[in-house]
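A.B. asks: model the following, please.
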Amino acid sequence: PGFTLRRSAKMKVIQPEVVAIQARINEAYRSGSTANMMKARAQLQALYKEHNANPMITLLGPLSQMPIFISFFLGIRKCASYQFLSTRRLGSLNFLSLFG
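C.D. replies: Alright, predicted model coming up:
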């Protein structure tokens with residue numbers, strides 16, 4: 001968790017600069033200037049490289065946990081269709097009846 005938090009903190013520090021560069025990218029896109037758009041994207045990549053920040057690295061934690069959560073969900077969903085104990089064999093308070 002510390003790794004992801006440090007990376008998120010780095011992204012938060014450079015956020016104002018990123019927003020300014022993204023505004024330039026959007027403006028270049030709207031005006032149709034490919035050269036200005038490529039220049040702004042290169043500036044954004046240089047900013048990430050200068051601060052050793054990668055916006056995709058913050059997704060590493062949730063993406064690594066996703067298979068576990070999906071397997072729990074599918075396992076619990078499948079358990080709902082099984083009948084583990086017969087309702088006739090259950091005694092009071094849902095404990096197994098010891099008398100047959």
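A.B. asks: assign A53 to helix, strand or coil.
C.D. replies: Of the three states, A53 takes coil according to DSSP: H, G, I helix; E, B strand; the rest coil.
A.B. asks: pick out the residue closest to the middle of this structure.
C.D. replies: P62 (3.7 Å; Cα atoms, centre = their mean).
A.B. asks: ok, T34 - contacts?
C.D. replies: The neighbourhood of T34, defined by Cβ atoms under 8 Å, 6 or more residues apart in numbering, consists of A28. (C-beta placed from N, C-alpha, C; glycine too.)
A.B. asks: low-confidence stretches in the protein?
C.D. replies: Under the criterion pLDDT under 70, the flagged ranges of the chain are 1-2, 4, 80-100.
A.B. asks: now the helices for it?
C.D. replies: Assigned by DSSP state H, the chain shows helices spanning 2-13, 15-31, 34-50, 60-79.
A.B. asks: and the gap between S64 and R6?
C.D. replies: With distances taken as Cβ to Cβ, to the nearest Å, S64 is found 16 Å from R6.
A.B. asks: could you do L59 as well?
C.D. replies: 15 Å.
A.B. asks: repeat that for L60.
C.D. replies: Counting by Cβ to Cβ, the gap from L60 to R6 is 12 Å.
A.B. asks: next, count neighbours for I21.
C.D. replies: Counted by other Cβ atoms under 10 Å, the residues lying close to I21 total 19.
A.B. asks: hang on, isn't it packed against Q43?
C.D. replies: Yes. If you go by Cβ atoms under 8 Å, I21 and Q43 touch, sitting 5.5 Å apart.
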